[in-house]
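> coordinates only, sequence not included:
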């Protein structure tokens, strides 16, 4: 990556962060935003420091995590159309959230924790289902199992929502659609500490991902421990995505469109692809969050809706370019 | 001997018959061995057994005098380069980057490729005569060029042995010859080469030794002149054949049509 | 009754024995046609005209507000079916429970042999109402969303059950009580109230909902009165910016949000200025609304002190 491009990237990130900090349900002039960042005390400071800043930071980290999960999964499954949510994660998270609400489990963290557990359970089930001939994770069976487990979890979720009389069970949908409204420094800390390890592992194994992307046999012959790598990628992707869902509900398309766009434009090795995709994914989600907060002030649109609305046309454009 | 399979028997499943029965196949440095045989004779199984990809019921497989099961993946990749039959590209890289991936076994995860690696890659590109294509994306290459890129990638591993599985499949005559000339040249420089091929005539022209497999067992091993025997080949391939001799002394096989005589 | 009156002058104008026979027939309510005379005709909130030959004596009510009103106007003996949420008055519990009323089962309704079914005016219920009409059961679709629906719906129910005088007096009492309970708006000192109905994501009430009206009449000011719908998802930032003095929640609403870190930005959360109410009079518009407003007004005054 040339320095010119590097500067452009840094400028883009700075721009997105600034935009995220200066927009919101409340119109604050830039001077106030700047003041709020550095001087505590004013009510603007509270908004900028305690609400917007963690929110923008969290959106960036979650966007980046989803994007690198998508990129790694695409390499592992050898399919540029793979998305982390294909593994049945979203329905599992939804089921967990609905169970938490329906069982009136107390505590402010019960819903995210339950969503996290639900997501990982779905992933574990998909893994178990797709183990063919011993230790291999066959991509086709993986995708099919993901669809099947997702449908099953979705059906259970709908059943609980219809049968339960707990208040707010139907509001579980709203939470699932995605949003950073509950972002706080605490949530940011939990997510960063937790997401470091799977993200770090993926970065560490960049070259191995290049090999995985060649196919099982070539990767094997070139010296990669294919089975172990696949399990690691699967686990890291699952952990990152489950944490993202627990933090902000289901935000799709970031893991699909961002890696695809970067690959199509730059065709880089994973050593460069992963960091690039992380940054672009982070900016994308920050921008989507800005739109969700400002499009219909003071109401908030779910971020998952915005990413789909932007993601789908973007994807169509990319598709045309690659075919042309 | 770099590659040595001695009296190897392989059975895929308990209930099934042996896929390989007491097969011996050895390749020494600067030796080109061709493995030939009808479809289903066990050529691919032999390849898998040599690389430790299938468990061996009886016999030993040694890579550079050590049992294949004792080799780590990385060490094995530094010793043996394998070019499979086909490879589909999903995420195209440039030729240079692709060949550089061959240095995987020589690099630690976070290392950037160093001068040694660049030298190996450049040498491999030149040896395979694709240095001019270095910056081309691999999805713009022809079949023959892509094959040579994969051979270059295997060479970048700086192996002592090279295994090629049906390398001339779907190549035209020019690329077939270029490929075998390349492999012959590499072998003459000291590489131990094992080529699985359908192409009896090219095997006869280029190989030092031929191993003929049929139904999981070795029918005969020896020089092309010893192995390409009319009666034996016609029996093994279940088709009437005639053998002629080319100027360089290598036997050439000519399949007969119904009504034709071999004389 | 309007239909009968309008036909009289036409019949008399014709003159002759035939016309007198017509008048006689009309007056006795018998017509030479096969269909029975529709004595009661009501246009429901979906715009359909619902016809009844006589005041209904068996009514299935699939709206809690309507169940409450039926009991309030003295038509409790007509109620033969209710929903699981029809919890007021306590006597309503004796009526058979037909489910949650959101996706009514036609079979369960028919088993009660109703002469009239009252449903909420939703898109989904249009199909149910149509089906019931095909089976010969009049179906009344009603909106019970705002406080002004209380006297209006009471009168409709009074007409169809033959309790119109009781309904009229209930409506009059309600209007007076509502006027009296409405706090005098003193300019500038109305406390700002956040009506919070859900926490993840934060959902508030807009001016399309009767809760908004309850709070405003009790002397509070909904910080999100600019939302036109009955509810909407907002952000903690918007709440913090509008800085409510009080946070209003019902017993079925969120409770754990006060412990969450991002909510600490809101001063009312830090100072624990919560206005918590319980009771089904806060779930729907009902004759108990004036009492609810008084309760709210007392609580608001107490907090201000």
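The structure has been received and is ready for your questions. Given the structure is predicted, the values throughout are model-derived calculations rather than measurements.

> Could you use CA atoms for every contact and neighbour count after this?
Fine.

> Does residue B:4 touch residue B:63 like I think?
Yes: under the criterion of C-alpha atoms under 8 Å, residue B:4 makes contact with residue B:63 at 6.3 Å.

> shared neighbours, the two?
Common contacts of residue B:4 and residue B:63, defined by C-alpha atoms under 8 Å, 6 or more residues apart in numbering or on different chains, comprise residue B:50.

> So which of these two has more stuff around it?
Shown here are residue B:4 and residue B:63; by other C-alpha atoms under 10 Å in any protein chain shown, residue B:63 has more neighbours (25 against 22).

> Phi, psi for the closest residue to that one other than its chain neighbours please.
The shortest distance from residue B:63 to any non-neighbouring residue, by C-alpha to C-alpha, 6 or more residues apart in numbering or on different chains, is to residue B:3 (5.0 Å). Phi and psi for residue B:3, reported as degrees, to the nearest 10, are phi -110, psi 130.

> Over to the one 4 residues further on?
Its backbone dihedrals place residue B:7 at phi 50, psi 50, with angles given as degrees, to the nearest 10.

> show me the contacts for it.
Residue B:7 makes contact with B:21-24, B:58-60, according to C-alpha under 8 Å, 6+ apart.

> Taking those together, which two end up most distant?
Farthest apart among the contacts of residue B:7 by C-alpha to C-alpha are B:21 and B:60. That separation is 12.5 Å.

> quick one: common contacting residues for those two?
Shared contacts of residue B:21 and residue B:60, defined by C-alpha under 8 Å, 6+ apart, are found at B:7-8.

> pLDDT score for residue 165?
All of this refers to chain A. Model confidence at residue A:165, given as pLDDT, is 68.

> let's do chain B instead
Per-residue confidence (pLDDT) for residue B:165: 94.

> Please name the residues that touch the residue lying closest to residue B:56 once chain neighbours are set aside.
Once flanking residues are discounted, residue B:56 sits nearest to residue B:10: 5.1 Å by C-alpha to C-alpha, 6+ apart. Shown in contact with residue B:10 (C-alpha under 8 Å, 6+ apart): B:18-21, B:45, B:49, B:54-58.

> List only buried entries from the contacts of residue B:7.
Applying 16 or more other C-alpha atoms under 10 Å in any protein chain shown to the contacts of residue B:7, the neighbour count classes B:21-24, B:58, B:60 as buried.

> hmm, back to that, top of the contacts of residue B:10 by number of neighbours, please.
Neighbour counts for the contacts of residue B:10 peak at residue B:20, which has 28 neighbours (criterion: other C-alpha under 10 Å).

> Show the model's pLDDT score for the nearest residue to that residue once chain neighbours are set aside.
In this structure, residue B:20 finds its nearest non-sequential neighbour in residue B:216, 4.2 Å apart by C-alpha to C-alpha, 6+ apart. pLDDT, residue B:216: 90.

> List the residues that contact residue B:216.
Contacts for residue B:216 (C-alpha under 8 Å, 6+ apart) come out as B:18-21, B:23, B:41-42.

> same question, residue C:69
Each residue near residue C:69 by C-alpha under 8 Å, 6+ apart is listed here: C:150, C:154, C:157, C:286-287.

> In terms of helices and strands, where is it?
Secondary structure from DSSP states H and E places residue C:69 in helix C:64-72.

> Quick check: what element follows that helix along the chain?
By DSSP H and E, the next helix or strand past helix C:64-72 is strand C:79-81.

> what sits against residue 88?
Picked chain A for this. The contact partners of residue A:88, by C-alpha under 8 Å, 6+ apart, come to A:119, A:122-123, A:126, A:145-151.

> not what I meant, chain C
C:64, C:67-68, C:280.

> Off-centre distance for the helix or strand residue C:193 falls within?
When secondary structure is defined by DSSP H and E, residue C:193 falls within strand C:192-198. Centre-to-centre, strand C:192-198 and its host chain are 22 Å apart (C-alpha atoms, centre = their mean, to the nearest Å).

> got it, and stretch C:73-82?
Distance, stretch centre to chain centre, for stretch C:73-82: 16 Å (C-alpha atoms, centre = their mean).

> what about the chain, any weak spots by pLDDT?
No chain was given, so I picked chain A. By pLDDT under 70, the weakly predicted segments of chain A are A:1, A:25, A:40-44, A:105-108, A:132-136, A:165-168, A:324.

> Chain C was what I was after
In chain C, residues with pLDDT under 70: C:1-38, C:183-188, C:304-305.

> where exactly do the strands run in it?
Using DSSP state E, the strands of chain C run over C:40-43, C:49-52, C:59-61, C:79-81, C:116-120, C:139-142, C:192-198, C:203-205, C:221-222, C:231-233, C:246-250, C:274-277.

> Which of the ones you listed sits closest to residue A:251?
Using C-alpha to C-alpha, those put strand C:231-233 closest to residue A:251, at 17.1 Å.

> ok, now which ones touch residue 253?
This is for chain A. A:83, A:307-308, A:311-312.

> Hmm, no, I was thinking of chain B.
If you count contacts by C-alpha under 8 Å, 6+ apart, residue B:253 has them with B:200-201, B:228, B:241-244.

> Let's see the pLDDT reported for it.
Listed pLDDT for residue B:253 reads 93.

> so of the contacts of residue B:7, which ones are in strands?
Short answer: those in strands (DSSP E) are B:21-24, B:58-60.

> ok, of the residues you listed, which one's closest to chain A?
Nearest to chain A among the ones in strands among the contacts of residue B:7: residue B:60, at 20.3 Å, using C-alpha to the nearest C-alpha.

> Hmm, residue B:67 and the closest one touching each other?
Yes: under the criterion of C-alpha under 8 Å, residue B:60 makes contact with residue B:67 at 7.1 Å.

> got the residues of chain C near chain A?
Residues of chain C lying close to chain A (C-alpha under 8 Å from any C-alpha of the partner chain) are C:198, C:200-202, C:227, C:232-238, C:240-241, C:252-253, C:256-257, C:259-262, C:265.

> Just the ones in helices from those, please.
In this view, the residues of chain C next to chain A that belong to helices under DSSP state H are C:236-238, C:240-241.

> sorry, back to before: helices or strands next to the strand holding residue C:193 in the packing?
Applying 3 or more C-alpha pairs under 8 Å, 6 or more residues apart in numbering or on different chains; DSSP states H and E, one finds that strand C:192-198 makes contact with strand C:203-205, strand C:221-222, strand C:246-250.

> Excluding chain neighbours, what is closest to the residue most central in space within chain A?
Centroid-nearest residue in chain A: residue A:66, 3.0 Å away (criterion: C-alpha atoms, centre = their mean). Closest residue to residue A:66 apart from its sequence neighbours, by C-alpha to C-alpha, 6+ apart: residue A:255 at 5.0 Å.
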